[in-house]
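In: how does the following fold in three dimensions:
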Amino acid sequence: MIHKEIVVIGKVQGVYFRATAKSVADRMGIRGAVKNLPDGNVWITAEGNPEAVEEFIDWCRYGPSGAKVTSLDITDRPLQYFKDFDILHT
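Out: Okay, here's the model as predicted:
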């Protein structure tokens, strides 16, 4: 199991990024959370097996249709043992 914190940078709010990320994460067995940031970017914390997390990160590079991802900021984090993948509302 690995844990990554991902900040998705670009036009990623107002395009169903969080809802689609949850759907993709659930399908891949990824646990964690996603939320919009005040600066217009999206924050994700994701943990799971290394192959699934890397595949999820690859999806984050493009996101749902309508998103314009310009870059990802990815940081390794300690495992937090999430139970599922949640959409956080701030």
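
In: check which helix or strand Trp43 maps to.
Out: strand 42-48 (DSSP states H and E).

In: strand partners (parallel or antiparallel) of that strand?
Out: strand 2-11 (antiparallel), strand 31-36 (antiparallel) (DSSP bridges).

In: low-confidence ranges, this structure, go.
Out: Residues of the chain meeting the criterion pLDDT under 70: 90.

In: what does the strand holding Trp43 contact?
Out: For strand 42-48, the surrounding residues in contact (CB atoms under 8 Å, 6 or more residues apart in numbering) are 1-8, 12-13, 17-18, 21, 25, 28-37, 53, 56-57, 60, 77, 79-82, 85. (Each C-beta comes from the backbone N, C-alpha and C, glycine too.)

In: now those residues: which count as buried?
Out: 3-4, 6-8, 12-13, 17-18, 21, 25, 28, 30-34, 36, 53, 56-57, 60, 82, 85 (16 or more other CB atoms under 10 Å).

In: output the strand holding Trp43 as CSV - backbone C-alpha positions only.
Out: What follows is strand 42-48, C-alpha atoms only, in CSV (Å, rounded to 0.1, in the frame of the first residue of the first chain):
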residue,chain,number,x,y,z
VAL,A,42,-8.3,20.1,-6.7
TRP,A,43,-6.7,18.3,-3.8
ILE,A,44,-6.7,14.5,-3.6
THR,A,45,-5.3,12.1,-1.1
ALA,A,46,-5.2,8.5,-2.4
GLU,A,47,-4.0,5.2,-1.1
GLY,A,48,-4.0,1.7,-2.4
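
In: partners of the residue positioned nearest the centre of the chain in the sheet?
Out: Central residue of the chain (CA atoms, centre = their mean): Ile44, 3.8 Å from the mean position. Going by DSSP bridges, Ile44 is paired in beta bridges with Ile6, Val34.

In: quick one: contacts for Met67?
Out: Slight slip there: residue 67 is Ala, not Met. Each residue near Ala67 by CB under 8 Å, 6+ apart is listed here: Gly10, Lys11, Val12, Val15, Phe17.

In: let's see that with 6 Å instead.
Out: Val12, Val15, Phe17 (CB atoms under 6 Å, 6 or more residues apart in numbering).

In: so can I have TSV of these showing secondary structure and distance to Ser71?
Out: Below are these laid out as TSV (DSSP: H, G, I helix; E, B strand; the rest coil; distance: CB to CB, whole Å):
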residue	secondary structure	distance to Ser71
Val12	coil	11
Val15	coil	16
Phe17	helix	14
